[in-house]
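Participant: Using only what follows, build the 3D model:
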Amino acid sequence: MRQKSVKGLIALGIVKGLLTLGLLLFFSTFSECGASGEVTNYSETLNQEQPFQKLNPDEVTTEWNDTYLFSSREDALKELETLKKKPEEINATFRPEFENLSGPVLLDYLETEKEFSKSIEVLYVYAYTQLSKNVSDPFFASLLTNSQDLLTEYGKATSFTTVKLTSLNKEEWDRLFSEEPKLEEYRPYLEAKYMRFSDHRAMNESQAIYLAELENQRMKLETEAFSEITNNVTMAGNITLENGEEYPVNSQSYNTLLSTDQNRENRKKCYEKRFYHLKNESDSMASLYSEKARLDDLDARELNYTDYYDYTLYSAYLNRTQIDEMNTVFKERKDVFEDYNEFRKNKLGLEKLKPYDLLLQLTDQPGKNYTYVEALQEIQNSYSRMDPRFNEIFLKMVTGNFVDVYPDPEHGKQPGGYTYSLCSLKSPALVFLNYNGLISDQKAITHELGHGINFYLMGNSVDYLYCSGPIYEMEVPSTFNEELFVDYLIQNSDKETAVNVLSQHIGEYQNYFTRQPMITEFEHKAHQLCAENGTASGADLNAIWTNLSKEYGSDSVEYYDEDSAEWAYINHIYLANNYYTFNYAVSKAITLSLFKQYKEDPETFNKNYIAYLSAGSTMPPEEKLKKYFGIEINRQLFEDAMDVVELRIQELNELEAKKSANESGSAAKSPNTSGFFWTGEYKNK
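Facilitator: Numbers count the residues shown, from 1 in each chain. Model (predicted):
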C-alpha cells in the first residue's frame, strides 16, 4: 500500500521536503504559476483510440525480471563503485562556481544532479526490491546499506548548494532566472525544494552534514525494523486447529485464517497466538522505536520545526487544523459504523462481535480463492469506462515481469505490498504483492496498479524532477482504483458475492477512517512520550495504543481488557518518512468525491483525471485538486466521506434484503443495479 521513489533522497538531510528510504519520499515540487505548459500530451505516447485489448492469460507474468536494471550482481557492484566517485566530482566542479552563482551554472548543476539521481534510483530500486524478496540476503542487505551511505555522502558533498540556494532572497532568484531563461522550466522545482524552505534550512555546511548523518541513521533503523518484523515480530509460532492440524501463524497465514475459517475457535486461537506474541515482542520494538523517535524530532528541530509531525504536515502542504478537523469528524461519526457491525454480527449469528470476527468474509464460502489471472481479468473489466491508457499501462505491467505476486515468508519475503517508481527509465513501476486469492488481495492488486499507472503517466509526461507528490496525493489513484473495482463487482456479480464484496469494502472504510488516523495519532503521542522521558517501554506504547483504540474503535466490538501491542508489527510507523497513515484517510475522502464526479460524467472526469495524474508536482497539490476537480481539503470533505459510508451501509442492507427475498423465492433473481447513491440519492444527501 505504499509508493516509493528515490528521487527525493539525493538531497539527503538538507531540505526537509525529503523523506528517506524512498517511501514516497517525494519532494513536493510546485509553484504559483503551476508550470502547466511542461506537461506533455501523453496521447502522443499511447493511442487513446485503440480498441479495448483483453488480457491474454498465457502472457501473464508473476515474478520480477529485473535484468533490465542490472544483468548481474557484479554489474550492480561496478555501478556502485562508479557512482561513489560522483559526489566528490560534483563537489569539485560546482563548489567554486557557487561562490559567484549565475543562472547558467545553476542550470548546469540541476541537470547534473538529475542525471546522478536517475542513476542512483536504478541502483537503489534494485537493492531494495531484491532485499524485499529475502530480508536476510546478505548481498542485497549490503548493497542497500552501501546505496544509503552513498546518498548520505552525496548529501554531504553537495551541502554547499542547498545552504546557498535556501538562503537566496527574491531579488537574487530573479537575477538567476533573468540570466538563464531555461531555468524557468525548473521554477516549480526550485520554489518547492529551496525557496519554500528558507525558514527551515541548514544554516551552514556543518549543520547540513550533521543532518545527512541523522538521515542515514534513520534509514538504517527502518531497514532494521523491517527485518525484525519479517523474521520475528510476525512469526508467532504454531497453533493446533480443531481438526488437529498444526498451523503456523505468520504475516500471511494470520490474515488468511481470520478471513476464511468459519470455525470461531480456530480464529480465536490464531488471534490470541499473535496477540500475546506481539506483547512479548513489544519491549524490543519499543526500544528501536524510541531511538527512531529521538532521531526524528532531533532532525526536525534542527530545521526549525516544532517536531517531526510539524515537518510532515508542512512538507505535504497541510496544516494541523485540517488534520485535527479530519480526526474530529471521524471520532464524532464513528457510530456510523455501528449499523455495519450490527449487520456483520447478525450475518454471523453472534451475540457479540470479538476482534477475531472482523475479517471473516461474509459468504457461504469464505475460503473461496480466486486465481491471480481471474483477479486480473476482473480488475481489467473495472477499467472499461476509464481512459484507454489505463488498460494499456495495465497490460504492460502484468505481462512484462513488473509484478512479484506470491508470498514466501518462509524464505524471508517481506509482508505487505508496495509500488516502486522507475520514472528514471520511463518504465512501468515494480509492484510487490503477497497474493493469497481473497477479494481483499484482489483489491490490493488494483490498489498497487493505481500507483503504477500514476507513475507511468508522470514518467512519460513531465520532467523527471516532477515525478513526485505528497503522500496523500499519491494515494488517490490507488484508492480510486479500489472504488472502481468494488463498483464493478457489485454490479456484475451474484447477490451473495456483491454482499460479501460490499461488506468487506465497508470494513475497509472503517480501516481508512478510524484505524489509519489512529496510527498517526499513536505515532505523535509515542514521539511526545519519548521526548518527555527519553525512551518508552513496550508497556508504555501498548497503553497509548489501547487508549486510542477506545477513542476510535467500535463500542459494539468486545476487545480484550488487557493492553494490545498491535502497533509493533505495523511497518509504516518505522518509516523514515513518519506519520504516513493519515494520508490514507485524506486520500480516500478525496477519492469518494472524485468517484462521484466519475459516475456523473465519465467523459469529463477521464479528461481531468488523466491530466491530474500526468501533471506530477508541476503545481501545488491543493491548487491541482481545485483546478481539475474543484475539491478543497476541509471539514466538509470528511463529512461528505462519512455520508457516503452511511449510504454504502444502506446499500448493503438493501442488497441483503434482495438476496434473502431471492432465496425465499419471493422475487425473481436479477442482476444488481447497485450504485444509486453516486447519482440522485447522493445529490439529495
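Participant: any chance you could map the strands in the stretch 201-350 of the chain?
Facilitator: When assigned using DSSP state E, counting those that start in this stretch, the strands of the stretch 201-350 of the chain occupy the ranges 237-240, 246-249.
Participant: Output the ones you listed as JSON lines; include the columns mean neighbour count and distance to V486.
Facilitator: The way it works is simple: take the backbone N, C-alpha and C, and place the C-beta from them, glycine included. As requested, the strands of the stretch 201-350 of the chain are exported to JSON lines (neighbours: other Cβ atoms under 10 Å; distance: least, Cβ to Cβ, whole Å):
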{"stretch": "strand 237-240", "mean neighbour count": "14", "distance to V486": "32"}
{"stretch": "strand 246-249", "mean neighbour count": "16", "distance to V486": "29"}
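Participant: These into CSV, with extra columns for distance to A565 and mean pLDDT?
Facilitator: Shown next, in CSV, are these (distance: least, Cβ to Cβ, whole Å; pLDDT from 0 to 100):
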stretch, distance to A565, mean pLDDT
strand 237-240, 15, 98
strand 246-249, 15, 97
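Participant: tell me which residues of stretch 637-650 are tucked away?
Facilitator: Residues L637, F638, D640, A641, M642, D643, V644, V645, E646, L647, R648, I649 are the ones in stretch 637-650 that count as buried (16 or more other Cβ atoms under 10 Å).
Participant: any idea which of the residues you listed is the one closest to E332?
Facilitator: Nearest to E332 among those: M642, at 9.0 Å, using Cβ to Cβ.
Participant: Roughly how far does that closest one sit from F513?
Facilitator: M642 is 7 Å from F513, where distance means Cβ to Cβ, to the nearest Å.
Participant: Find residues that contact each of these two.
Facilitator: Counting by Cβ atoms under 8 Å, 6 or more residues apart in numbering, the common neighbours of M642 and F513 are F330.
Participant: tell me the contacts of N500?
Facilitator: Contacts for N500 (Cβ under 8 Å, 6+ apart) come out as Q361, L362, T363, I439.
Participant: tell me which element it falls in.
Facilitator: helix 495-510 (DSSP states H and E).
Participant: for the helix or strand just after that helix, packing partners?
Facilitator: Per DSSP H and E, the first helix or strand lying C-terminal to helix 495-510 is helix 516-533. Of the remaining helices and strands, those touching helix 516-533 by 3 or more Cβ pairs under 8 Å, 6 or more residues apart in numbering; DSSP states H and E are helix 264-302, helix 308-315, helix 320-332, helix 538-552, helix 582-600.
Participant: Would you agree M219 is in contact with S147?
Facilitator: No - counting by Cβ atoms under 8 Å, M219 sits too far from S147 to count as a contact (9.6 Å).
Participant: Out of the buried residues of stretch 637-650, which sit inside helices?
Facilitator: Within the buried residues of stretch 637-650, residues falling in helices by DSSP state H are L637, F638, D640, A641, M642, D643, V644, V645, E646, L647, R648, I649.
Participant: E205 contacts F160, doesn't it?
Facilitator: Yes - contact criterion Cβ under 8 Å: E205 and F160 qualify, at 5.6 Å.
Participant: follow-up on the earlier one: ok and the helix holding N500 relative to helix 538-552, angle-wise?
Facilitator: Angle of helix 495-510 versus helix 538-552, following axes from the mean of the first three to the mean of the last three Cα atoms, to 10 degrees, is 120 degrees.
Participant: Please export the alpha-carbon coordinates of helix 495-510; CSV is fine.
Facilitator: Taking C-alpha atoms only, helix 495-510 is exported to CSV below (Å, rounded to 0.1, in the frame of the first residue of the first chain):
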residue,chain,number,x,y,z
LYS,A,495,-26.0,-11.0,-4.9
GLU,A,496,-24.1,-13.2,-2.4
THR,A,497,-20.8,-12.1,-3.9
ALA,A,498,-22.0,-8.5,-4.1
VAL,A,499,-22.9,-8.6,-0.4
ASN,A,500,-19.5,-10.1,0.5
VAL,A,501,-17.6,-7.5,-1.6
LEU,A,502,-19.5,-4.5,-0.3
SER,A,503,-19.3,-5.7,3.3
GLN,A,504,-15.6,-6.2,3.1
HIS,A,505,-15.3,-2.7,1.5
ILE,A,506,-17.2,-1.0,4.2
GLY,A,507,-14.9,-2.7,6.7
GLU,A,508,-12.1,-1.1,4.8
TYR,A,509,-13.8,2.3,5.1
GLN,A,510,-13.7,1.7,8.8
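Participant: Sketch out the low-pLDDT regions of the stretch 1-150 of the chain for me.
Facilitator: Applying pLDDT under 70 to the stretch 1-150 of the chain picks out residues 1-50.
Participant: Do a quick rundown of the strands in it.
Facilitator: Counting by DSSP E, counting those that start in this stretch, the strands of the stretch 1-150 of the chain are 2-4.
Participant: can you give me the helices in it?
Facilitator: For the stretch 1-150 of the chain, the helices defined by DSSP state H, counting those that start in this stretch occupy 73-84, 86-99, 103-133, 138-157.
Participant: elements contacting the third one?
Facilitator: In other words, helix 103-133. For helix 103-133, the packing partners by 3+ Cβ pairs under 8 Å, 6+ apart come out as helix 73-84, helix 86-99, helix 138-157, helix 170-179, strand 418-420, strand 430-432.
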